[in-house]
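A.B. asks: give me a model of this one.
(2 chains)
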Amino acid sequence: MSTPCRRRLMRDFKRLQGESNSGISGAPCPDNIMVWNAVIFGPADTPFEDGTFKLVLTFDESYPNKPPTVKFASRMFHPNVYANGELCLDILQNRWSPTYDVAAILTSIQSLLHDPNPTSPAHVEAANLYRENRKEYTRRVRETVEESWE
Amino acid sequence: MDGIASSFELDDPSDWPSTLPHLRELDNLLRCPICKEYFNTAMVTGGCGHTFCSLCVRRCLTQETKCPSCRAPLNKSELRPNRLVDNLMRTFKGGRQLLLNSLTKSNSTPTNSISNNAETVFSGCRGKSASKEESTLRKRQRISTRSSARISNEANNENPAFADSDAMQNGLSFVVLDDDGDIGVESDENYTDNERDFVPAKSNNKKIDDTRRTEESTASVGITPQQQDTKVHCPNCKQLVSQSLINRHLDRCLSSLPSSNESSSVSAVSQAKKHLAPMLKPQSKRAATLALPKPTKLAYSLLSESKLRRTLKDLGIPPKGDKNQMQTRHIEWVNMYLANEDSESPVSHRALLKQLAAWEESMASNQGESGAKQQPSSQQSSSTSVTDHAAKYADSFATLVAQASSAMRTKDPSCE
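C.D. replies: Modelled structure (predicted):
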């Protein structure tokens, strides 16, 4: 049954396929359009470079008026990603706008990898290392990058 | 799943060749930033000047009184209709398929494009709901125009087919509406190539040649005052037309407008629209013997369940379900009702009630369906279930990785 939400998700999918997005991809699960799998490539010139990070997006019928729940399925080491994979990203919470689509969400997450926001840490250790010991931070991130290839 | 498959049938800015970024952007600009569909009753915001579909922006503002685009404070009372955008969209949408075709197929001539535009522009302005009947109608129109073209080319106004007085009333175009037998004989080289997409072009192309002739004969014939069934004046050409044929006549009559006035298709659309408006009204009036009172926003938390139920009853919407369901229904009804009021061609309240019921039903069934599957995913607070998910969809993720990396690869050379 087609609802505004489902129709919008189909559009999002088409848009995501149509655009030549560098390093992001996503698709609904074959058995449920409300759950999407996505992959983000770590942005170049960051410790995350070459990482292929997997995410799961869960929508409900209130989309796009409400944001989806987004979670990393790959282990992450990032100041704004909780240990369980949940993200601390303003546009997925109080600054959500119904004009965003899946491509916009994935692009935002990609740029979050590029520019962590250590002032609202979700992962205290990663935030501290990011501020105080960039070399160790990089090493820990590279571990997750290598893990992401498995 | 069918959802994914059908996503490729959706029109999208990416339908345009990447060599034409302007058309892509134009297509994008004529879409609501929220639903990404072409605007349905465009409304412009008071302060920041952003434009959305009426229903989309109303639904958003129910949740948060901020502009969905720029987050500036925004109230529903600050929304104003943006009719120009509606007209631009209809014009663009009307010519869209034709333009796409002429971009992909080289066998269409410029004259073809113009005449086709005329028809498709017009059909766009009739709104989405009519599209199905429209296609069947077009088929018949095609038949009729082709044969009428043939007839008028022969300048044979004494053709026995004209004996029928109704047909006379409606001008040449309708004369041989059911005359399928003859039509097959006519040869039309490009016809099969373009059959699906160029139906309007073909009919209109022929028509342009004959427009003057047709107009002349409709004018001379139109006032003949003998009628068996009720005649009404065509709001466009003022000609008397049998009521049962008025819709078809109007289609013909209006679609011939732009061909005589090709200079500005936008004005043709608004003209057509204006003429169409009185046409739509009698229909909705018939159904709208039911006029429901205008609903207003309620402070749900201050209302008891029985009070809310009574309010719903008074408003004429189903007072069933628990308080939550009634509240959801009332919110949607307010938005639907006001969006319908914003519309240039509002539907009857009866039709609106049907839409409300359909909306509620689809929400309920989908909520149930996805709810079952969502249970595990919403409980995914433990990282193990995400890992399970990733394991279950390992193949799907592998494909996505491949997709993303190929996108990277194709992008790289162009950057350097």
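A.B. asks: whichever residue of chain B sits closest to chain A: neighbouring residues, count only.
C.D. replies: Distances between chain B and chain A by C-beta to the nearest C-beta are smallest at B:Ser14, namely 3.1 Å. Yep, even glycine has a C-beta here, placed from its N, CA and C like the rest. B:Ser14 has 16 neighbours, counted by other C-beta atoms under 10 Å in any protein chain shown.
A.B. asks: hey, C-alpha coordinates of stretch B:292-304 in CSV?
C.D. replies: C-alpha atoms of stretch B:292-304 as CSV (Å, rounded to 0.1, in the frame of the first residue of the first chain):
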residue,chain,number,x,y,z
LEU,B,292,-18.9,20.1,6.4
PRO,B,293,-18.0,22.9,8.9
LYS,B,294,-14.5,24.2,8.8
PRO,B,295,-12.4,22.5,11.5
THR,B,296,-10.1,24.4,13.8
LYS,B,297,-7.1,23.4,15.8
LEU,B,298,-7.9,21.9,19.1
ALA,B,299,-6.1,21.7,22.4
TYR,B,300,-6.4,17.9,22.6
SER,B,301,-4.9,17.6,26.0
LEU,B,302,-7.8,19.7,27.4
LEU,B,303,-10.4,17.6,25.8
SER,B,304,-11.9,14.5,27.3
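A.B. asks: buried residues, it. List them.
C.D. replies: Buried positions in stretch B:292-304, judged by neighbour count with 16 or more other C-beta atoms under 10 Å in any protein chain shown: B:Leu292, B:Pro295, B:Leu298, B:Leu303.
A.B. asks: stretch A:72-88 and chain B, are they touching?
C.D. replies: Yes - using C-beta under 8 Å from any C-beta of the partner chain, stretch A:72-88 reaches chain B at A:Phe72, A:Ala73, A:Ser74, A:Ala83, A:Asn84, A:Gly85.
A.B. asks: end to end, how far does that stretch reach?
C.D. replies: With C-alpha to C-alpha, to the nearest Å applied, stretch A:72-88 spans 11 Å between its terminal residues.
A.B. asks: again with stretch B:239-251
C.D. replies: Counting by C-alpha to C-alpha, you get 14 Å between the two ends of stretch B:239-251.
A.B. asks: what are the buried residues along that stretch?
C.D. replies: For stretch B:239-251, using 16+ other C-beta under 10 Å, the buried residues are B:Gln239, B:Leu240, B:Val241, B:Ser242, B:Leu245, B:Ile246, B:Arg248, B:His249, B:Leu250, B:Asp251.
A.B. asks: A:His114 and A:Ala44 touch, don't they?
C.D. replies: No - assessed by C-beta atoms under 8 Å, A:His114 is found out of contact with A:Ala44, at 9.2 Å.
A.B. asks: now find how far off-centre the helix or strand of chain A with the lowest mean pLDDT is within its chain.
C.D. replies: Least confident helix or strand, chain A: helix A:4-18 with a mean of 89, by mean pLDDT, DSSP states H and E. Distance of helix A:4-18 from its chain centroid, counting by C-alpha atoms, centre = their mean, to the nearest Å, is 18 Å.
A.B. asks: which other residues reach the helix or strand following it?
C.D. replies: Of the helices and strands lying after helix A:4-18 in sequence (DSSP states H and E), the nearest is strand A:24-29. Taking contacts as C-beta atoms under 8 Å, 6 or more residues apart in numbering or on different chains, the residues outside strand A:24-29 that touch it are A:9, A:13, A:16, A:34-41, A:55, A:57, A:102-103, A:106-107, A:110, B:1, B:3-4, B:393, B:396, B:399-401, B:403-404, B:407.
A.B. asks: related to what we said a few turns ago, measure how the least confident helix or strand of chain A sits relative to strand A:24-29, angle-wise.
C.D. replies: Interaxial angle, helix A:4-18 versus strand A:24-29 (axes from the mean of the first three to the mean of the last three C-alpha atoms, to 10 degrees): 140 degrees.
A.B. asks: can you tell me the residue of chain A closest to chain B?
C.D. replies: Closest point on chain A to chain B, by C-beta to the nearest C-beta, is A:Gly18, at 3.1 Å.
A.B. asks: name the SS class of B:Ser18, please.
C.D. replies: coil (DSSP: H, G, I helix; E, B strand; the rest coil).
A.B. asks: could I get the contacting residues of it?
C.D. replies: Here B:Ser18 is in contact with B:Arg24 (criterion: C-beta under 8 Å, 6+ apart).
A.B. asks: pLDDT score for it?
C.D. replies: On pLDDT, B:Ser18 comes in at 84.
A.B. asks: and what about A:Asp50, helix, strand or coil?
C.D. replies: Going by three-state DSSP, the state assigned to A:Asp50 is coil.
A.B. asks: so where's the stretch 151-300 of chain B uncertain?
C.D. replies: Counting by pLDDT under 70, the stretch 151-300 of chain B has low-confidence residues at B:151-230, B:234-238, B:250, B:252-289.
A.B. asks: assign the residue nearest the centre of chain A to helix, strand or coil.
C.D. replies: Centroid-nearest residue in chain A: A:Ile109, 4.2 Å away (criterion: C-alpha atoms, centre = their mean). In three-state terms, and counting by three-state DSSP, A:Ile109 is helix.
A.B. asks: the buried residues of stretch B:239-251 also near chain A: which ones?
C.D. replies: Okay, of the buried residues of stretch B:239-251, nothing touches chain A (C-beta under 8 Å from any C-beta).
A.B. asks: need the max-distance pair from those.
C.D. replies: Using C-beta to C-beta, the two most remote members of the buried residues of stretch B:239-251 are B:Leu240 and B:Asp251, lying 17.0 Å apart.
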